[in-house]
Every structure is written in structure tokens, then in C-alpha cells.
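> got a sequence here, can you model it:
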Amino acid sequence: MVTICNTGSLATAGFGTALGVVRELQRRNKLESITALETRPYNQGSRLTAFEIVEEKMPGGQLICDSMAASLMKTKGVDACVVGADRVCANGDTANKIGTYNLSIVAAAHDVPFYVASPFTTLDTKLQSGDDIEIEERPAKELLDTARAPQNIPCWNPSFDVTPAKYITGIITEKGVIEKSEDGTFDIISFVKKHS
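Numbering: from 1, shown residues only. From the prediction side, this is the model:
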């Protein structure tokens, strides 16, 4: 299993979202390994997720750089990716920490299932697609300081990116898993209506 950012009890209420899925696999003795991406530029994966993996003695826990995910999938194999979400649109496009979109493309290239775990309240049917999500751009200093880069180099530092629904296998919520229809699309609106 591979994840990005922090979606455990340090960042969410209680059990967690994506890391909650990992915890449940561990509880059922079905977790072989969990790999956390460091999650640049703030390193939530290396600072927080890695801490939770160690504290909870998750099997096969390891930390890798964000840029190592493709090599990991190619050389060692990965069963699935599970990530959190800040917003899920009506068509299934999902906003999450920057780097999630990259991970989804790498997963697709290696035929690795890619799941989003999010609270039901994160499903936003007012937003038709990821094009409707405004992405916050953070100050350059945040990237420069963590990268140890020259302070006068211009930076582009978005906080989030949007993973297109076509790269997502399923969306896990506390009210059930949203799977794709036969036409390969998500029907978030019907799921929300059914469970509201």
C-alpha cells in the first residue's frame, strides 16, 4: 500500500481516512506493507504519517521520496494506493495535497488501483468537476525554506492538485464505497442523495 500526505489520527478526527483504511487492513491482518511518500514541500508524510506508522508498528512500514513511487511500483510491486481528499466533485475529480495527481498517473501506468478515502462531507455535488476548484498558491518562501534553494529563485507553490476521476478506482467513505458505473464514470450525486 502507498499513501501520500497525512490522513491519520494526527490530521483527522479519530481513525483517519486513507490511513484509517490502512489501519483497518492491519486490524484484519491483511496489511503486508505501507509506504509513505514524504509529501513535499511540507513533508507531512515524513513528519506525521511516518510517525504514525512507527508508533502503531505497521508491518513493512517505510518512507520514500515523492519521486520514488514509480520505481517502487516497477521494482517491488504495489497492491494499491490510498489517498485522502480535501474535496470530491460531482464527477469524481478529487482535490488533495500536491503530488496526489502525480501519484495517480504513476499508479495508472503500473496498473495499480488508486483509491480515495474521504469523509462523506467532502463530497461536493455543487462542483461539477475539478475545473471548478480554486487551488490555493502558497508563498514562495515556504518552498524555498524547505528546499534550501537560493532565496531569489522564482517559485510556483500550489498547495493542492486535482486528480481526474479517470485515474481513481473507487472512493471510500464512511457510508460506503463509490464505484464506477459501467460507463467508467462516478455518480456522486446519486450516492449523496441516497445517503443524505
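
> helices of this protein, start to end?
Counting by DSSP state H, residue ranges of the helices within the chain are 18-27, 44, 50-55, 69-75, 100-109, 140-147, 188-195.

> name the surrounding residues that touch the fourth one.
I take that to be helix 69-75. With contacts defined as CB atoms under 8 Å, 6 or more residues apart in numbering, helix 69-75 is touched by Val2, Thr35, Leu37, Ile64, Val78, Asn102, Leu103, Val106, Ala107, Ala109, His110, Val112. Any C-beta I mention is one placed from the backbone N, CA and C, and that applies to glycine too.

> in it, what's buried?
If you call a residue buried by 16 or more other CB atoms under 10 Å, then helix 69-75 has these buried ones: Ala69, Leu72, Met73.

> just to revisit the earlier point, ok, which of the helices of the chain comes nearest Tyr167?
helix 100-109 (3.8 Å; CB to CB).

> that closest one - contacts with which helices or strands?
Using 3 or more CB pairs under 8 Å, 6 or more residues apart in numbering; DSSP states H and E as the contact criterion, the neighbours of helix 100-109 among helices and strands are helix 69-75, strand 81-83, strand 114-117, strand 160-163.

> the ones you listed: which one's closest to Pro139?
Go through these one by one with CB to CB and the one that ends up closest to Pro139 is strand 160-163, at 15.1 Å.

> that closest one pairs with which strands, parallel or anti?
With DSSP bridges as the criterion, the sheet partners recorded for strand 160-163 are strand 94-97 (antiparallel).

> how about residues contacting the strand it pairs with?
With CB under 8 Å, 6+ apart, strand 94-97 has contacts from 4-5, 39, 44, 83-88, 100, 116, 118, 130, 133, 135, 159-163, 165, 168, 171.
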